[in-house]
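Peer 1: I would like the atomic coordinates for the input below:
(2 chains)
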Amino acid sequence: MTDKQPLRLHVPEPKARPGESPDFSDIVIPPAGALRRPAFDEADHTMREHAFGMIRVLDDNGLAVGEWDPKLSDEMLIKGLRAMLLTRTYDERMMRVQRQGKTSFYMKCTGEEAVAVAQALALDAGDMLFPSYRQQGLLIARDWSLVDMMCQVYNNTKDRLKGRQLPIMYSVKDAGFFSISGNLGTQFPQAVGWAMASALKGDTRIAATWVGDGTTAEADFHYALTFATVYQAPVILNVVNNQWAISSFQGFAGGEQTTFAARAVGYGLPGLRVDGNDFLAVYAATQWAAQRARANHGPTLIEFYTYRAAPHSTSDDPSAYRPEGESLRWPLGDPITRFQQHLIAKGIWSDEQHAALTQELDEYVRAAQKEAESYGTLGVKPASAATMFEDVFKEVPEHLIRQRQELGV
Amino acid sequence: MARMSMIQAINSAIDIMLERDNNTVVFGEDVGYFGGVFRCTAGLQKKYGTHRVFDSPIAEGGILATAIGMGVYGLRPVVEIQFADYIYPAFDQLVSEAARLRYRSGGEFWAPITVRSPCGGGIFGGQTHSQSPEAIFTHVCGLKTVIPSNPIDAKGLLIAAIEDDDPVIFFEPKRIYNGPFEGYHDRPLVPWSKHELGEVPEGYYRIELGKAAIVRAGTEVTVLSYGTMVHVALAGVAEAGVDAEVIDLRTLSPLDIDCIVASVKKTGRCVIVHEATRTGGFGAELSAQVQEQCFMHLEAQIVRVAGWDTPYPHAFEWEYFPGPDRVKRALLKVMEN
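Peer 2: Numbering: from 1, shown residues only, chains lettered A, B, ... in the order given. Take a look at the predicted model:
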């Protein structure tokens, strides 16, 4: 006989599944303005509440409150709204062309536009970005050509990546936007290496990188935090916690037990948990981390708390694993709607202006689509198949020349 | 010219590249202040400072990932993986990232990394300090794989590797760090200082990647080998008493297939010698290519001499290690036809 209890394995389960009512009752949303804004050089151990609370600026009435209000110019506010709306318009259009069979694959960032857009605007143009696959807003906020992005999605004759990459795996060196990898998380420690190089050369540029909540489970995430803290690299490490990694909720990355921002605590670097649907909070947190990095006070880990309103990709069907309408019940709302409300409350925007902008951007994206499609859609070969033997190495080696000849091109 | 062991030749190559190119940086586990567990970076941190030569966390995946980031920035990282056996945590960064970056970005981004790593057995290192994983890397398009067999090649090849704009895996057979090893574990080692290939130019020179060397000219059979096994192959040839042409491949990828084919067409026979496990080893690729290109010239079957398909067993090191006697038997077998 034994008095020992049988062991029990805990397998995480989200609060609600299809057919059930969305349930966000366990999510604690602190009021806007509740957290103080530490000095940019404050020691990480005196600001641990920032890893567990939530930096929020926009309150329920659309007003900016508290120390984290970045007090942006009207011009910057409207620029931010425009870039978020353009990102959403672009996504909707590309989703549609995928459904029309003009490309094979697409990924929207609906509900997460504030993260990439506000961050791109808070960083300097020369700062290097190591994105994951849902940060198209970075390129759009950096005013990169939509036509160029679409040509990649179409793998057409103007695709700078020569038809080699899955749609949306952009690479834009001229915009400081690193080549996206389909292997999750690899860019996280690479960004740290880039930042280390910048620091050891006495440069002034910093790096920023993004992963999702699910990818924090990868070893690369921990390599990044280790190297970043060891060498105090000038890098901003962003976790976009959009609650879902395809069908796995963030509990499978450890989100049930603590926050993702709290991962920073064990590494001795500041962790900020931020309302990811609050443009001003995203901007302010990024600005703080950038100032800290530029002043040689090292890296910051930021968790953006948001919700993936879109399917994972065009190959995904969320109705198979999460309740319908969950995104509409998301307690932090929609980033564009909230920001629009703020601009209206501030008296610098109106519903009429918003409708006009929506119309303008729709036409702008349609025009870009028309131009991009004039260079072909998927199925129109981007170039001669001979090009597929190029860039494996800097110079095409003899064995690849022979294989190209074998193919007959 | 100076007398150098392979360790000193490697140190000299890195020293020269740190001196010539401000963008060269060296890092890895224990490589900084201490100078590496095999002393390959001894004295370099003192000479160039901690911004050029530094220690890293024990995280091979992190070492490779940060090296890629530095390469993208414009640096030329030379990293050390302390033993080839420890390279696997870095596999994803090497295979999916370093090797593919230029291709997937349409030539926009690349990472000119050199990954140095001691490989091979014969040092009583047990199964986690003895492996020869080169074939895993030669299978990956976008990587170059180099394995020198002596100090003069090691220095010239390493300089060429560091200057190369593609990622290079540079395996250093640690059994021959201090002197050539012919496979006779019960005989005293002759140090490189008493060997003509230990006579190394002190300054800068390159040995181009992708070029094999004929280390013994012959007419009856071609022996393909690299690293430590070049010396074992030469010993096996001497024991067999055949007029073999022994080729040191030096670079496995890109492979100097023209040199190999010319030799086999001349001799009509081919024996392949490597220390790595046989199945799926680089010998399989060599055998396939020789068969494809020299079939009508072959007088006998192609024979591989390789490590057994087992992990490297500590107590049975010399039963595992493919020594000169096994090379001799292979040579005599192909000479029967």
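
Peer 1: assign the residue lying closest to residue A:384 once chain neighbours are set aside to helix, strand or coil.
Peer 2: Once flanking residues are discounted, residue A:384 sits nearest to residue A:409: 6.0 Å by C-beta to C-beta, 6 or more residues apart in numbering or on different chains. (Glycine included, C-beta is placed from N, CA and C.) With DSSP: H, G, I helix; E, B strand; the rest coil as the basis, residue A:409 sits in coil.

Peer 1: I figured residue A:409 was touching residue A:385, is that so?
Peer 2: Yes. Using C-beta atoms under 8 Å, residue A:409 makes contact with residue A:385 at a distance of 4.8 Å.

Peer 1: got the CA coordinates for stretch B:228-248 in PDB?
Peer 2: Provided in PDB are the C-alpha atoms of stretch B:228-248 (Å, rounded to 0.1, in the frame of the first residue of the first chain):
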ATOM      1  CA  THR B 228      43.500  12.200 -41.300                       C
ATOM      2  CA  MET B 229      42.800   9.300 -43.700                       C
ATOM      3  CA  VAL B 230      45.100  10.700 -46.400                       C
ATOM      4  CA  HIS B 231      48.000   9.600 -44.200                       C
ATOM      5  CA  VAL B 232      46.400   6.300 -43.400                       C
ATOM      6  CA  ALA B 233      45.800   5.700 -47.100                       C
ATOM      7  CA  LEU B 234      49.400   6.400 -47.900                       C
ATOM      8  CA  ALA B 235      50.400   3.900 -45.300                       C
ATOM      9  CA  GLY B 236      48.000   1.300 -46.600                       C
ATOM     10  CA  VAL B 237      49.400   1.800 -50.100                       C
ATOM     11  CA  ALA B 238      52.900   1.200 -48.800                       C
ATOM     12  CA  GLU B 239      51.800  -1.900 -47.100                       C
ATOM     13  CA  ALA B 240      49.900  -3.200 -50.200                       C
ATOM     14  CA  GLY B 241      52.900  -2.500 -52.400                       C
ATOM     15  CA  VAL B 242      50.700  -1.200 -55.200                       C
ATOM     16  CA  ASP B 243      51.300   1.800 -57.500                       C
ATOM     17  CA  ALA B 244      48.400   3.800 -56.300                       C
ATOM     18  CA  GLU B 245      47.500   7.400 -57.100                       C
ATOM     19  CA  VAL B 246      46.400   9.000 -53.800                       C
ATOM     20  CA  ILE B 247      44.200  12.100 -54.100                       C
ATOM     21  CA  ASP B 248      43.600  14.400 -51.100                       C
END
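
Peer 1: may I see the buried residues of that stretch?
Peer 2: For stretch B:228-248, the neighbour count (16 or more other C-beta atoms under 10 Å in any protein chain shown) marks B:228-237, B:239-240, B:242, B:244-248 as buried.

Peer 1: and if you look at stretch A:267-276?
Peer 2: The neighbour-count check on stretch A:267-276 (16+ other C-beta under 10 Å) flags A:267, A:269, A:270, A:271, A:272, A:273, A:274, A:275, A:276 as buried.

Peer 1: again, but for stretch B:265-280
Peer 2: Counting neighbours by 16+ other C-beta under 10 Å, one finds that the buried residues in stretch B:265-280 are B:267, B:268, B:269, B:270, B:271, B:272, B:273, B:274, B:275, B:276, B:277, B:278.

Peer 1: what's the neighbour count on residue B:336?
Peer 2: Counted with other C-beta atoms under 10 Å in any protein chain shown, residues neighbouring residue B:336 total 6.

Peer 1: and for residue B:188?
Peer 2: Neighbours of residue B:188 under the rule other C-beta under 10 Å: 7.

Peer 1: any idea which helix or strand carries it?
Peer 2: Assessed by DSSP states H and E, residue B:188 sits outside every helix and strand.

Peer 1: please identify the helix or strand for residue 117.
Peer 2: As the question left the chain open, I've gone with chain A. Using DSSP H and E, residue A:117 falls in helix A:113-122.

Peer 1: sorry, I should have been clearer: chain B.
Peer 2: Per DSSP H and E: strand B:114-119 holds residue B:117.

Peer 1: next up, the contacts around whichever residue of chain A sits closest to chain B.
Peer 2: As assessed by C-beta to the nearest C-beta, chain B sits closest to residue A:193 within chain A, at 2.5 Å. Counting by C-beta atoms under 8 Å, 6 or more residues apart in numbering or on different chains, residue A:193 makes contact with A:227, B:65, B:66, B:67, B:68, B:69, B:70, B:71, B:72, B:73.

Peer 1: next one: phi and psi at residue 69?
Peer 2: You didn't pick a chain, so chain A it is. phi -60, psi 120 (degrees, to the nearest 10).

Peer 1: my question was about chain B
Peer 2: When read as degrees, to the nearest 10, the backbone of residue B:69 gives phi -60, psi -40.

Peer 1: which residue packs closest to it, ignoring adjacent ones?
Peer 2: residue A:193 (2.5 Å).

Peer 1: quick check: which element contains that neighbour?
Peer 2: In this structure, residue A:193 sits in helix A:187-200 according to DSSP H and E.

Peer 1: give me the neighbour count for whatever residue of chain B ends up closest to chain A.
Peer 2: Residue nearest to chain A within chain B: residue B:69 (2.5 Å; C-beta to the nearest C-beta). Residue B:69 has 34 neighbours, counted by other C-beta under 10 Å.

Peer 1: from residue B:56, how far out is the closest residue to residue A:199 other than its chain neighbours?
Peer 2: Closest residue to residue A:199 apart from its sequence neighbours, by C-beta to C-beta, 6+ apart: residue A:234 at 5.6 Å. Distance of residue A:234 to residue B:56, given as C-beta to C-beta, to the nearest Å: 18 Å.

Peer 1: neighbour count for the two, which is higher?
Peer 2: For residue A:234 versus residue B:56, the count of surrounding residues by other C-beta under 10 Å is larger for residue A:234: 30 against 22.

Peer 1: right, and that one touches residue A:291 too?
Peer 2: No. Contact criterion C-beta under 8 Å: residue A:234 and residue A:291 do not qualify, at 10.8 Å.

Peer 1: quick one: residue A:154 and residue A:378 touch, right?
Peer 2: Yes. Under the criterion of C-beta under 8 Å, residue A:154 makes contact with residue A:378 at 5.7 Å.

Peer 1: mutual contacts of those two, please.
Peer 2: With C-beta under 8 Å, 6+ apart, residue A:154 and residue A:378 have common neighbours A:102, A:103, A:167.

Peer 1: mind listing the strands for the chain?
Peer 2: Going with chain A. For chain A, the strands defined by DSSP state E occupy A:128-130, A:207-212, A:235-241, A:244-245, A:248-249, A:271-275, A:300-305.

Peer 1: actually, chain B is the one I wanted.
Peer 2: With DSSP E applied, chain B shows strands at B:2-3, B:24-28, B:53-55, B:76-80, B:114-119, B:144-146, B:168-173, B:199-200, B:213-216, B:221-225, B:244-248, B:251-253, B:270-277, B:303-307, listed in chain order.
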